[in-house]
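Engineer: model this:
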Amino acid sequence: MTPDEIAALFTRADGQYLCARWGRPIVPVVFGVEDATLSVLKGAVEAVVTLAGHKMAETDPELGANLMVFFFRDWSELPEVPNLDRMIPDLGPLCARLAAAGANQYRIFRFDEGGAIKAAFVFLRMDADLASVSAETLALAQAVQTILLWSDTAFHGVSPLALAGGQVILRPEIAAVIRAAYDPVLPAVARDASHALRLAARLRVQ
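Structural biologist: Reported below is the predicted structural model:
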C-alpha cells in the first residue's frame, strides 16, 4: 500500500488524521449469543491480537472487561441493560438515532490519558443482513475494526476481509498495516499524517 492509501485508512471525514492502538491488554466479553458463537468471537479477537503482537488478559484492573460486544434484535433493548447507561452517556438518545437511521452496528471507543484505546463497545443489531453473515466472518470483521481506531470512512465500500479458497480471511494489506501500527517503536497515538509514511516503511520490510 502507498502512504496515501494508508493515510486514507486513518483520515476521518472531517480531514483529521488519527491512528490509535490499544494501550493495555484486551479483555473481551460478549453478550446475547450462545456459547458456540462466543468461542468463535473470542477466537477471532485472539487471532487478530496475536497478529498485532499485542496481548489479551483474563481481566482489566480498571474495567474488568474492556472489549464489550452486544448482540440484540432491536436498539430499544440496549437502554434496558443494567448499568450500560453509566458507561455510555446519552445511551437512550443514541439508540433512538441509530434506530431512526436503520443502523445495524455501531462502535464506541474510550481512551486513556495518553490517547491510546482503553475500551471499546460493539453493538450489533441482528437484522436480516447481519443474520445472513456467518459467525466467523462477523467475528473477524469486528475484531479487525476494534484492534485500531480506523477512520470512520476506512471500510466504506471495501471490506477489510476477502475470500481465499472458499475461506474468509483478513486482506493481507490490512493485516500488514495492523502489524506495523503495533510496532513498539511507533507511538500508540498519532495525529499527524506523516505517521502513514512510517507505517508504509514498515510494510516494505515485513
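Engineer: could you list the domains of the chain?
Structural biologist: Structural domains assigned to the chain are 1-17+159-206, 22-147, following automatic domain parsing.
Engineer: so which of the ones you listed comes closest to Thr153?
Structural biologist: domain 1-17+159-206 (5.5 Å; Cβ to Cβ). The way it works is simple: take the backbone N, C-alpha and C, and place the C-beta from them, glycine included.
Engineer: coming back round to it: any chance of the domains of the chain in a markdown table, plus distance to Thr153, mean neighbour count and mean pLDDT?
Structural biologist: Shown next, in a markdown table, are the domains of the chain (distance: least, Cβ to Cβ, whole Å; neighbours: other Cβ atoms under 10 Å; pLDDT from 0 to 100):
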| stretch | distance to Thr153 | mean neighbour count | mean pLDDT |
| --- | --- | --- | --- |
| domain 1-17+159-206 | 5 | 15 | 93 |
| domain 22-147 | 13 | 16 | 94 |
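Engineer: other residues contacting the longest strand anywhere in the chain?
Structural biologist: Counting by DSSP state E, the longest strand found in the chain is strand 117-125. Contacting residues not belonging to strand 117-125 are listed as 20-24, 62-63, 66-75, 78, 87-88, 98, 103-112, 130, 138, 142, 146, 149 [Cβ atoms under 8 Å, 6 or more residues apart in numbering].
Engineer: strands - which of these land there?
Structural biologist: 20, 67-72, 105-111.
Engineer: which residue lies nearest the spatial centre of the protein?
Structural biologist: Against the mean C-alpha coordinate of the chain, by Cα atoms, centre = their mean, the closest residue is Thr146 at 1.4 Å.
Engineer: right, and that residue touches Asn66 too?
Structural biologist: No. Applying Cβ atoms under 8 Å as the test, Thr146 and Asn66 come out as separate, 10.4 Å apart.
Engineer: related to what we said a few turns ago, quick check: the farthest pair among the ones in strands among the contacts of strand 117-125?
Structural biologist: Longest span within the ones in strands among the contacts of strand 117-125, Cβ to Cβ: Ala20 and Phe72, 26.9 Å.
Engineer: for the protein, just list every one of the helices.
Structural biologist: All helices of the chain, identified by DSSP state H, fall at 3-10, 35-52, 84-87, 91-101, 128-131, 135-147, 172-181, 194-205.
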